[in-house]
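Peer 1: Take this sequence and fold it.
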Amino acid sequence: MSRFEDVSKEVDDFVRTVRKDYFGELASANIKVLYDTKKRKSKKRIVVSRIQKANDLIKCLTMDDINEEVDYILYIDKEVFASIDDSDKVRLIRRELRHCFVDMEANNDPYSLQDFEISDFYDEIDLNKDDPRWFERVLTVAESIYSDNDR
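Peer 2: Model prediction:
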């Protein structure tokens with residue numbers, strides 16, 4: 001069984017809506033959304049989502065019938081995503097999409113990834129002012145899920 005699986009149409013549509021509502025500059029980006037079905041850790045923390053810029057190999061392997069290449073792959077922990085409410089799902093997706101950078105004047109590929117900019121940090125604080133500790137809650141959900149599975 002593969003570690004990764006396609007998300008449902010509903011989840012894909014959910015991501016598209018978040019992208020449309022908050023990241024108009026990504027309207028032409030092709031983002032493949034995948035569930036990660038296994039626990040992933042980085043720096044001793046559970047990774048509940050991550051985004052990756054598609055390299056040439058990924059572009060080739062994910063090319064669809066109309067020769068459209070994938071620009072980014074958004075990975076979402078399947079168990080965690082199913083266990084959090086919609087407002088936290090929006091925040092989680094938004095958090096990852098903030099890493100995307102679009103430069104339409106770039107020669108070959110206008111899409112890249114970046115670390116958070118200060119303005120992004122302020123934007124996120126403002127957007128999460130009603131619940132500034134949401135990510136801690138999501139990590140607690142993840143730890144609960146995987147501590148139960150580790151027994």
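
Peer 1: CA atoms for contacts and neighbours, from now on please.
Peer 2: Fine.

Peer 1: How is the nearest residue to Val33 once chain neighbours are set aside assigned, secondary-structure-wise?
Peer 2: Closest residue to Val33 apart from its sequence neighbours, by C-alpha to C-alpha, 6 or more residues apart in numbering: Leu74 at 4.7 Å. With DSSP: H, G, I helix; E, B strand; the rest coil as the basis, Leu74 sits in strand.

Peer 1: can you tell me the average pLDDT over the strand or helix carrying Ile145?
Peer 2: Here Ile145 is covered by helix 134-149, with elements defined by DSSP states H and E. Taken as a whole, helix 134-149 has an average pLDDT of 91.

Peer 1: now do stretch 92-106
Peer 2: Stretch 92-106 shows an average pLDDT of 91 in the prediction.

Peer 1: likewise stretch 70-85?
Peer 2: Mean pLDDT, stretch 70-85: 97.

Peer 1: for this structure, what spans make up the helices?
Peer 2: In chain order, the chain shows helices spanning 9-22, 56-62, 78-83, 86-97, 118-127, 134-149, with DSSP state H as the criterion.
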